[in-house]
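Novice: Build me a model from this:
(2 chains)
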Number of protein chains: 2
Amino acid sequence: MELDLTADAVTLTRQLVDIESVSQDEQAIADAVEAALRPLTHLTVVRRGNTVVARTDLGRAERVVIAGHLDTVPLNDNLPSRLDTDTGLLHGLGTCDMKGGDAVILRLAATVPAPDRDVTYVLYESEEIDSEFNGLNKLSQSDPDLLAADFAILMEPSDAVVEAGCQGTLRVEVRTTGERAHSARSWKGVNAIHGAAEVLARLNAYEARRPVIDGLEYHEGLNAVAIHGGVAGNVIPDECVVEVNFRFAPDRSEADAEAFVRDFFAGYDVRLTDTAPGALPGLDRPAARQFVEAVGGEVNPKFGWTDVARFTVLGVPAVNFGPGDPMLAHKQEEFVPIAQIEHCERVLRTWLGGEA
Amino acid sequence: MELDLTADAVTLTRQLVDIESVSQDEQAIADAVEAALRPLTHLTVVRRGNTVVARTDLGRAERVVIAGHLDTVPLNDNLPSRLDTDTGLLHGLGTCDMKGGDAVILRLAATVPAPDRDVTYVLYESEEIDSEFNGLNKLSQSDPDLLAADFAILMEPSDAVVEAGCQGTLRVEVRTTGERAHSARSWKGVNAIHGAAEVLARLNAYEARRPVIDGLEYHEGLNAVAIHGGVAGNVIPDECVVEVNFRFAPDRSEADAEAFVRDFFAGYDVRLTDTAPGALPGLDRPAARQFVEAVGGEVNPKFGWTDVARFTVLGVPAVNFGPGDPMLAHKQEEFVPIAQIEHCERVLRTWLGGEA
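Specialist: Okay, the predicted model is just below:
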């Protein structure tokens, strides 16, 4: 499928949505993005895996990164896209998280050939899965120069309002063990799945912490995101694994968060599988303040982990700003208001000094 | 690998064990069995899928079936076989359940060319999984004449003692549902895995019924044999499925057993996936009594579901009689005493009028 960068951002969002791109299956969409950007002579295009980077190089005093991921969570009977012209809502997998933002990025890349600030546009792979696969993470290791900047905007859904900071995330496997036996003589074995009852009971009893940082209220969460166990239909299972995701406020370090989870599941075998730090709001930084003022001043806390944390680690101030309600991300019925796509494009175009 | 039917039954057991034959991967072992039986001119050999049937046809007054399954539960780091000559135990996957019995069957088939009773030897596929795949079940539908008999002996492990009757088995899926959401805003969704805590708690509180039937004490069991749920590492899961296996005493019908389980999980979505009836001991039948007397008179209850129930349904009296401790079936460390293999072979050879 070809992308038409002369089309409006809503049409372009639909084109992006209708290219399936579940994490680790992004070749088609990355090929389409690369093919659309390559002919633009004001950009230098670099491809790494299924991540595409396009840069202006005008010698401006300031360089900004504008970034979005190309992948989605798994299909849930929610493709192709469907535009409801009565409500002005575009429905379908990835409309909200985050192909509306990606469309704005591609429109800006195509139609603002001489921005006031040099821009590095980054469209990357595998944000929705373990960080080892994350295109931005991989790029920061393979080509750190490509990400050097004075400020970064991540176009994750934020209801077209600036969202500052982000919560950290870690995953652990909580494992129960038992002893196999034939299920006809179950009393001779020890059932590891039954042993997981207490793990789930603790999760049900969890109460979320909600700290206030820089005036913004964060909200933690501790959830089983997967469970599996079982050997065969007539065998008492000797292992059950509960995969738990902890979302933690940015006043905790990764080490603090890990210690909390290990204490919470005291008595169980807990293995850390994935971790990513939060990012403090950082609203005291000049570049952050400047962008916030440019878009009208409203700021909310960011609950979801986003790659702003990767920029924070690289020393680049970063905020989230994109179309779509973040509460709809990963929901079956996700959608994006087309007015928000248009608003984000307009704000950024003005900020970059492009023509209206 | 070739099977050598001139070898003793212990050597033959090892040969069978060392051919991996996890359910639905039985082609190699069925090929070897068929190749070994085909040259025996006193037998008529029929192959159906990975089930092999070999029959004498001597016009005897009575016909008996002697049957065993060729498959095993999944590997658990317990192959190849290992013979401990000090203890007289043969270790490894399938030694107990039930390649010791299969070896006896093959030895009898090869070395008793003119038995007192006509014999139908059946070596069949996929006993360890859902009954729709069961070779004996399929044979009873495709070729019922092949199973017609006055009496049947299943060589499932029974410590070389006659075990009468068997418990029934059924499986249900107990399903919890929720609502997906991004795990960063988990309070916007409903976690179906957390919802399974109560299902597992009920299983932990279960108390087994132990009815006495024809003087034999049975022992029921209700167990989760599998659990799965999860969409992605950052999604609140909207479904969790607990697969539960109920082993019920033969005084319950399948319908009674299903009603019990539905009541036990009242309030949950319960779906029946697999069911097989128990078999009452039936020790009042002449053919059963005759065989019990021939082997010395001791009888135990059978806890495990075995295909004796299929014969009961066909109107053929059937008992379990085979080498190996049934409590070791499906355990990582399963083994068979070689003395029991030899005992079973000797008893059956005598009963069939074969030469010692």
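Novice: domain assignment for chain A?
Specialist: Annotated domains of chain A cover A:9-166+A:279-351, A:168-276 [automatic domain parsing].
Novice: Make TSV out of the ones you listed and add mean pLDDT and distance to chain B.
Specialist: (Glycine included, C-beta is placed from N, CA and C.) TSV is the format used below for the domains of chain A (pLDDT from 0 to 100; distance: least, Cβ to the nearest Cβ, whole Å):
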stretch	mean pLDDT	distance to chain B
domain A:9-166+A:279-351	93	4
domain A:168-276	96	3
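Novice: which stretch among these comes nearest B:Arg82?
Specialist: domain A:168-276 (18.7 Å; Cβ to Cβ).
Novice: now do the same end-to-end measure for that closest one.
Specialist: Distance across domain A:168-276, first residue to last, is 6 Å (Cα to Cα, to the nearest Å).
Novice: how much space between A:Ser81 and A:Gln340?
Specialist: From A:Ser81 across to A:Gln340, the span is 16 Å (Cβ to Cβ, to the nearest Å).
Novice: Pick out whichever of those two has more residues nearby.
Specialist: The neighbour comparison of A:Ser81 against A:Gln340 (other Cβ atoms under 10 Å in any protein chain shown) goes to A:Gln340, with 24 against 20.
Novice: list the contacts for A:Asn134?
Specialist: Contacts of A:Asn134 were listed using Cβ atoms under 8 Å, 6 or more residues apart in numbering or on different chains, and they are A:124-127, A:307, A:310.
Novice: ranges for the strands of the stretch 201-350 of chain A?
Specialist: A:212-213, A:216-217, A:221-230, A:235-236, A:239-248, A:269-276, A:299-301, A:318-320, A:335-337 (DSSP state E, counting those that start in this stretch).
Novice: Residues contacting the last one, please?
Specialist: Outside of strand A:335-337, the residues that reach it under the criterion Cβ under 8 Å, 6+ apart are A:13, A:88-92, A:95-96, A:100, A:157, A:323-324, A:328.
Novice: how about the domains of chain A, which one is nearest B:Thr41?
Specialist: B:Thr41 lies closest to domain A:168-276 among the domains of chain A, at 38.7 Å (Cβ to Cβ).
Novice: ok, A:Trp305 touching A:Gly278?
Specialist: Yes - under the criterion of Cβ atoms under 8 Å, A:Trp305 makes contact with A:Gly278 at 7.3 Å.
Novice: and the longest helix for chain A?
Specialist: helix A:338-351 (DSSP state H).
Novice: Flag every buried residue along that one.
Specialist: Of the residues in helix A:338-351, those with enough neighbours to count as buried (16 or more other Cβ atoms under 10 Å in any protein chain shown) are A:338, A:340-345, A:347-349, A:351.
Novice: can you check stretch A:207-220 too?
Specialist: For stretch A:207-220, a neighbour-count test (16+ other Cβ under 10 Å) marks A:213, A:216, A:218-220 as buried.
Novice: Switch the residues you listed over to TSV; also include distance to A:Trp187.
Specialist: Formatted as TSV, these follow (distance: Cβ to Cβ, whole Å):
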residue	distance to A:Trp187
A:Ile213	53
A:Leu216	55
A:Tyr218	48
A:His219	45
A:Glu220	41
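Novice: Between which two of the residues you listed is the distance greatest?
Specialist: Spanning the widest gap among the buried residues of stretch A:207-220 are A:Leu216 and A:Glu220, at 13.7 Å by Cβ to Cβ.
Novice: hang on, the earlier thing: which two in the contacts of A:Asn134 are spaced the farthest apart?
Specialist: Farthest pair in those (Cβ to Cβ) is A:Glu125 and A:Arg310. Separation: 14.1 Å.
Novice: now the helix or strand that contains A:Ala35: how far from the chain's centre is it?
Specialist: Secondary structure assignment for A:Ala35, by DSSP states H and E: helix A:27-37. From the chain centre to the centre of helix A:27-37 is a distance of 20 Å (Cα atoms, centre = their mean, to the nearest Å).
Novice: Neighbours of A:Ala148, how many?
Specialist: If you count neighbours by other Cβ under 10 Å, A:Ala148 ends up with 13.
Novice: ok, it - contacts?
Specialist: Applying Cβ under 8 Å, 6+ apart, we find A:Ala148 in contact with A:63, A:316.
Novice: Against A:Thr44, how distant is it?
Specialist: A:Ala148 is 14 Å from A:Thr44, by Cβ to Cβ.
Novice: rewinding a little: in the helix holding A:Ala35, which of the residues would be classed as buried?
Specialist: Those would be A:29-30, A:32-34, A:36-37, for helix A:27-37 by 16+ other Cβ under 10 Å.
Novice: Next: stretch A:54-74.
Specialist: Buried-residue list, stretch A:54-74, by 16+ other Cβ under 10 Å: A:54-56, A:60, A:63-73.
Novice: quick one on the thing from earlier: neighbour-wise, which of A:Glu125 and A:Arg310 wins?
Specialist: Using other Cβ under 10 Å, the more surrounded residue of A:Glu125 and A:Arg310 is A:Glu125, with 28 against 23.
Novice: Check the gap between the more buried one and A:Phe311 for me.
Specialist: A:Glu125 is 17 Å from A:Phe311, by Cβ to Cβ.
Novice: and stretch A:179-186, how far apart are its ends?
Specialist: Stretch A:179-186 stretches 10 Å from its first residue to its last (Cα to Cα).
Novice: cool, stretch A:292-302 as well?
Specialist: 14 Å.
Novice: quick one on the thing from earlier: can you pick out the most distant pair from the contacts of strand A:335-337?
Specialist: Pairwise distances across those (Cβ to Cβ) peak at 16.2 Å, for the pair A:Gly88 and A:Pro157.
Novice: Between the two, point out the one with more neighbours.
Specialist: Using other Cβ under 10 Å as the criterion, A:Gly88 and A:Pro157 rank with A:Pro157 on top: 28 against 15.
Novice: ok, the more buried one - contacts?
Specialist: By Cβ under 8 Å, 6+ apart, A:Pro157 lies in contact with A:96-98, A:100-101, A:322-326, A:328-329, A:336.
Novice: now swap in A:Tyr268 and tell me
Specialist: By Cβ under 8 Å, 6+ apart, the contact list for A:Tyr268 reads A:174-176, A:199.
Novice: okay if I get those residues as JSON lines plus secondary structure and neighbour count?
Specialist: Output for those, formatted as JSON lines (DSSP: H, G, I helix; E, B strand; the rest coil; neighbours: other Cβ atoms under 10 Å in any protein chain shown):
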{"residue": "A:Val174", "secondary structure": "strand", "neighbour count": "24"}
{"residue": "A:Arg175", "secondary structure": "strand", "neighbour count": "19"}
{"residue": "A:Thr176", "secondary structure": "strand", "neighbour count": "23"}
{"residue": "A:Val199", "secondary structure": "helix", "neighbour count": "24"}
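Novice: what's the farthest-apart pair in those residues?
Specialist: Farthest pair in the contacts of A:Tyr268 (Cβ to Cβ) is A:Arg175 and A:Val199. Separation: 9.2 Å.
Novice: Now for these two: what residues contact both?
Specialist: Residues touching both A:Arg175 and A:Val199 (Cβ under 8 Å, 6+ apart): A:242, A:268.
Novice: circling back: and among the strands of the stretch 201-350 of chain A, the most buried is which?
Specialist: When the strands of the stretch 201-350 of chain A are scored by mean count of other Cβ atoms under 10 Å in any protein chain shown, the highest mean neighbour count falls to strand A:318-320 (a mean of 29).
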